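Undergrad: after the sequence you'll find the predicted model.
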Amino acid sequence: MLEKLPESKVIFIVDDESEKNVEPILHIKRTVKETGKNYDDKSEIIYINALIQEDTELGKLMHDFHCSRADDMYSEVLANRVRELKETQEGVKFMCKEMDKIYQAGEIRGKYETAIKLIELGVNEEMIAEAVGHNIEEIQRWKNNMKR
């Protein structure tokens, strides 16, 4: 059965949560707790400590991720893309659209969380719909999703 599973890697690039004295990259695989043997399900979690900006390829990439100016970056490929997104009219327009999507997603998430809290408090659906600016059907869908 394990042979049929696709390989899966999840990469987390962390800085505030990580400790400064940890390795720059940690590969985490599953083990069977009772036996201590490797559980080879082809999954792996990789943590990259973005605070470690050593003179290595990975360290330089982490440095570049913290740069706001393309001219301060080591990677020409990344610097060129940053220049394109920040210094051209098309790039700025694209980034504005992307930021607007992020803002809208956050706004919807906030309304959803408010609606859920109001449902938990027993507020009726009509009042919730009015408070968060959504129709009653949407509130009922959210309410039904809570029950799952």
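TA: Received it, and whenever you're ready, just let me know what you need.

Undergrad: in the chain, what residue spans correspond to helices?
TA: Under the criterion DSSP state H, the chain contains helices at 57-66, 76-87, 89-120, 125-132, 136-146.

Undergrad: which ones are touching the closest residue to Val92 other than its chain neighbours?
TA: Sequence neighbours aside, Lys86 is the residue nearest to Val92 in space, at 7.0 Å (criterion: C-beta to C-beta, 6 or more residues apart in numbering). Backbone N, C-alpha and C define where each C-beta goes, glycine included. Applying C-beta atoms under 8 Å, 6 or more residues apart in numbering to Lys86 gives the contacts Ala70, Val92, Met95.

Undergrad: how close does the second one get to Glu98?
TA: This points to Val92. Distance of Val92 to Glu98, computed by C-beta to C-beta, to the nearest Å: 11 Å.

Undergrad: ok, now the first one?
TA: Here the criterion is C-beta to C-beta. By it, Ala70 lies 18 Å from Glu98.
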